[in-house]
Every structure is written in structure tokens, then in C-alpha cells.
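Novice: output the structure for:
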Amino acid sequence: MRSRRLFRDGVVTFALLVILALFALKMNNRPEIVQNGKFYVVDGDTLSANGERLRLKGIDAPEYRQHCQRSGADWACGEEARKALATMIKTGAPECRGWERDRYGRLLVTCVTGDLDINAAMVRNGMAVSYGAYASEERSARQAKAGLWASDFERPSDYRREERMAGDNDPIAGLFGYLRQLVGWSSP
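Specialist: Got it, this is the predicted structure:
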């Protein structure tokens, strides 16, 4: 009786493992989406192409309206990050690839033009911070005091959190902020 129960438990466990393995295999076989051609630069880590929003994977750039302090002076670091991305996108024939989506439905992509990994270059040039994937590039930028690292800046995620909290106190600003996120004019 006991051996029969052990056998049954073993079969059930094996079946569950097979199902999990098949599910994992299916998840890894998602088709990769490739975008190339003309891109519109929304901000330092967001593009638009063919009606689709693309979020550069593994990086976080300042929001378009975000300002930093450099040598005691106000610096439009968000605008500069957007310009840096626009310059890279204009060179060569950029191609962005990805298959995952973020919680806002944007395609998470890695973009290249020729041999240049645009995501890595944004971090290496100090125009974005790493979400972990580009930690060595961030260390290099920090040591070289490149871009953001030559200034006093608030991490983009902290800036967005504060903006959301400020929007909670001002219902009209909160509504417009929500609408901007909805149509993709600003990163969440």
C-alpha cells in the first residue's frame, strides 16, 4: 500500500515537472520582434516605430522634463538624454529587437546600429543608468564623470515616483500625467 502511494506520488511529480518544462520551453519560443526603419525618439529610453512604443531594455534615462544640477547650474538632462539617443538613432541603420513587454505594453528592446549597442552606449556615455544589464558601462561612466555622473541628479525612477506623488496632491496634474503615460509621451 505504501509503495503504491510512493509510486503514484512519483508519477504525479514527474508529470508536473514535464508540464513545467514544456511551459518553460513554450515561453522561450516567443517570436522575436524586429523593428527597423524610421524611429521617433520620445525620450532618452523610449522610441516609437510603426505605431509601437519601444522601451530600451536594461536602462533608465532621465525623463524629458527632468532637470539636474551641474556646477551649481540647472541642466536639462532629460532633454540631453533624448538628444543623445536621437543622434545615435540617426547614424547608420538602427535595428531594435525584443519579445518581452513591460507592464505598460511597451516592447522591451535592445537596439543596435552597426556594431554599436545603443542601450550600452547610452549608459556608457552617462546619459542613462543601468537596470543591472549594463553595470560595467555604468561603472565606466561614473569613473569618467560622463554625462549624468558629472552632475547632481535624481535617479529617473525616484523622479517619476516624486512626480506621481505630486500628481496625487494636484488632481488636474495627475490626470494630465496619466494621459501622457497612456499615450506614451512620458515613461512611467
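Novice: ranges for the helices of this structure?
Specialist: For the chain, the helices defined by DSSP state H cover 2-28, 77-90, 118-124, 135-144, 156-169, 171-183.
Novice: low-confidence ranges in the chain?
Specialist: Within the chain, the segments meeting pLDDT under 70 span 1-2, 6-7, 9-29, 167-188.
Novice: can you count the residues close to the nearest residue to R53 once chain neighbours are set aside?
Specialist: Nearest residue to R53, sequence neighbours excluded (Cβ to Cβ, 6 or more residues apart in numbering): R106, at 4.3 Å. Quick note: C-beta positions are derived from backbone N, CA and C, even for glycine. When neighbours are counted by other Cβ atoms under 10 Å, R106 registers 23.
Novice: quick one, phi psi at R106?
Specialist: phi -80, psi 140 (degrees, to the nearest 10).
Novice: how close does it get to K57?
Specialist: Per Cβ to Cβ, to the nearest Å, R106 is found 10 Å from K57.
Novice: chain neighbours aside, what residue packs nearest to R142?
Specialist: W149 (4.8 Å).
Novice: now do the contacts for that neighbour.
Specialist: By Cβ atoms under 8 Å, 6 or more residues apart in numbering, W149 lies in contact with G126, A141, R142.
Novice: so which elements touch the lengthiest strand in the chain?
Specialist: If you go by DSSP state E, the chain has its longest strand at strand 107-113. Packing partners of strand 107-113 (3 or more Cβ pairs under 8 Å, 6 or more residues apart in numbering; DSSP states H and E): strand 33-36, strand 52-56, helix 77-90, strand 95-98, helix 118-124.
Novice: same thing but 6 Å
Specialist: strand 52-56, strand 95-98 (3 or more Cβ pairs under 6 Å, 6 or more residues apart in numbering; DSSP states H and E).
Novice: pick the most deeply packed of these.
Specialist: Mean neighbour count (mean count of other Cβ atoms under 10 Å) peaks for strand 52-56 among the helices and strands packed on strand 107-113, with a mean of 22.
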